[in-house]
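>>> Sequence below, structure please.
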Amino acid sequence: MTEQVIGRVAALWRYPVKSMYGEQLSAASVDHRGLAGDRAYAVVDVETGQVASAKRPRQWGGLMLYSSTVVDPAATPPAVRVTLSDGSAYLIGQGDDIAAEEALSAALGRRVRLVSTAPQGAELEEIWSEEKGDALYGPVVDREDDQPVIRYSPALGAPPGTLFDFSAVHLVTTSSLRSLGIDVDVRRFRPNLVIHTDADGFPENEWVGRSLRVGDSLTVEGLMLTMRCVMITLPQPDLSADRSVMRAVTANRVEVPGLGTYPCLGLYARVTEPGDIAAGDPVTLL
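Numbering: from 1, shown residues only. Prediction:
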């Protein structure tokens with residue numbers, strides 16, 4: 001087997017509550033369900049049963065301004081601290097679940113509940129920004145800011161019951177960030193692994209169907225390129241809204257088999273061999 005060290009782990013991130021701000025880690029355990037504690041919970045609209053996602057920013061964009069951190073990784077599901085914009089904090093998984101749901105409902109203006117497993121038949125909605133082009137991958141169900149809103153089933157390549165959109169692991173290289181031609185914070189792209197690479201262009205484009213080993217044992221297989229959406233333009237803690245980020249990603253429009261051509265940055269991957277990883281670990285292309 002030919003092996004090539006192509007970089008190292010520059011940063012690790014997990015997002016304990018879907019669409020909320022996450023936490024940077026120095027090390028992580030990774031199995032077929034992704035980084036331990038990642039997307040442990042999601043917010044669900046009680047009326048519609050849909051999974052809340054900041055891809056529909058008018059309804060759920062506020063989630064990006066709330067933070068989530070794991071406080072007890074040994075619990076199943078893990079105990080997570082959720083902190084809202086006003087500084088109020090709630091320990092979900094440790095008795096504050098109802099209070100957290102009430103606070104989130106009041107802040108979001110919709111009755112919501114927290115789940116740790118994807119509801120059967122759950123769907124999410126995404127505003128379709130003009131930069132994505134005309135190849136919609138779901139039916140138009142509404143319009144927001146004069147743009148179509150589509151609805152689709154998430155977890156196309158994710159383990160059953162998990163709360164990911166497409167896969168359990170998401171990685172982005174520093175090469176791709178440099179190739180955008182603008183100064184952009186990697187947090188906008190919500191990766192699990194930031195891989196420092198010296199290559200030119202967008203190296204993830206060549207990794208679909210390839211395997212990467214991270215550290216000594218973790219092995220992942222590239223499933224599909226990450227089709228970017230309006231989330232990368234939304235405000236986060238210490239980051240203001242910025243439409244230029246989506247425009248910059250259009251420099252890398254790539255054919256996604258079976259779906260169409262989209263602005264992409266990053267790679268969705270599945271875990272084929274679990275392992276423990278840490279910042280600084282080598283990344284090897286197999």
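
>>> Of all residues in the chain, which one is nearest the centre?
Closest to where the C-alpha atoms of the chain average out (C-alpha atoms, centre = their mean) is residue 190, at 5.0 Å.

>>> Quick check: it vs residue 139, distance?
Distance check for residue 190 against residue 139: by C-beta to C-beta, to the nearest Å, it reads 25 Å. Where you see a C-beta, it was placed from the backbone N, CA and C, and this is true even at glycine.

>>> Go ahead and confirm the residue nearest to the centre of the chain touches residue 165.
No - between residue 190 and residue 165 there is no contact under C-beta atoms under 8 Å: 10.2 Å.

>>> quick revisit: which residues touch the residue nearest to the centre of the chain?
By C-beta atoms under 8 Å, 6 or more residues apart in numbering, residue 190 lies in contact with 13, 15, 22, 170, 231.

>>> Mind checking which of those are in helices?
The helices, defined by DSSP state H, take in nothing from the contacts of residue 190.

>>> Flag the shaky bits of the stretch 151-286 of the chain, pLDDT-wise.
Residue ranges of the stretch 151-286 of the chain with pLDDT under 70: 155-156.

>>> where along it do the strands fall?
Ranges of strands within the stretch 151-286 of the chain are 169-173, 193-196, 211-214, 218-227, 253-256, 260-273, 275-278, 282-285, based on DSSP state E, counting those that start in this stretch.

>>> so of those strands, which one's packed in deepest?
strand 169-173 (a mean of 25; mean count of other C-beta atoms under 10 Å).

>>> got the angle for it vs strand 260-273?
Strand 169-173 runs at 110 degrees relative to strand 260-273, counting by axes from the mean of the first three to the mean of the last three C-alpha atoms, to 10 degrees.

>>> Let me know whether residue 157 touches residue 258 as I believe.
No - the criterion here is C-beta under 8 Å, and residue 157 misses it with residue 258 at 12.0 Å.

>>> so which of the contacts of residue 190 comes closest to residue 110?
residue 231 (18.6 Å; C-beta to C-beta).

>>> ok, the closest one - contacts?
Residue 231 neighbours (C-beta under 8 Å, 6+ apart): 19, 54-55, 57, 64, 188, 190.

>>> Could you export the longest helix along the chain as PDB, CA atoms only?
Longest helix in the chain by number of residues (criterion: DSSP H): helix 97-108. Once non-C-alpha atoms are left out, helix 97-108 reads as follows in PDB (Å, rounded to 0.1, in the frame of the first residue of the first chain):
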ATOM      1  CA  ASP A  97     -33.400  19.500  30.000                       C
ATOM      2  CA  ILE A  98     -36.900  20.900  30.600                       C
ATOM      3  CA  ALA A  99     -35.600  24.300  31.700                       C
ATOM      4  CA  ALA A 100     -33.200  24.400  28.700                       C
ATOM      5  CA  GLU A 101     -36.100  23.600  26.300                       C
ATOM      6  CA  GLU A 102     -38.200  26.300  27.800                       C
ATOM      7  CA  ALA A 103     -35.400  28.800  27.500                       C
ATOM      8  CA  LEU A 104     -34.600  27.800  23.900                       C
ATOM      9  CA  SER A 105     -38.300  28.000  23.000                       C
ATOM     10  CA  ALA A 106     -38.500  31.500  24.400                       C
ATOM     11  CA  ALA A 107     -35.300  32.700  22.700                       C
ATOM     12  CA  LEU A 108     -36.100  31.100  19.300                       C
END
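
>>> what's whatever helix or strand comes next after that helix packed up against?
Later in the chain than helix 97-108, the nearest helix or strand by DSSP states H and E is strand 112-115. Judged by 3 or more C-beta pairs under 8 Å, 6 or more residues apart in numbering; DSSP states H and E, strand 112-115 is in contact with strand 42-45, helix 97-108.

>>> Name the residues that touch the longest one?
By C-beta under 8 Å, 6+ apart, the list of residues contacting helix 97-108 from outside reads 43, 52, 59-60, 62-63, 66, 82, 84-85, 88, 90, 92, 111-114.

>>> picking that back up, looking at the contacts of residue 190, which one is closest to residue 149?
residue 231 (13.9 Å).

>>> just to revisit the earlier point, higher neighbour count, residue 157 and residue 258?
residue 157 (15 against 8; other C-beta atoms under 10 Å).

>>> Who wins on neighbours among the contacts of residue 231?
residue 19 (28 neighbours).

>>> pretty sure that one contacts residue 62?
No - Residue 19 sits out of contact with residue 62 when judged by C-beta under 8 Å, with a separation of 9.3 Å.
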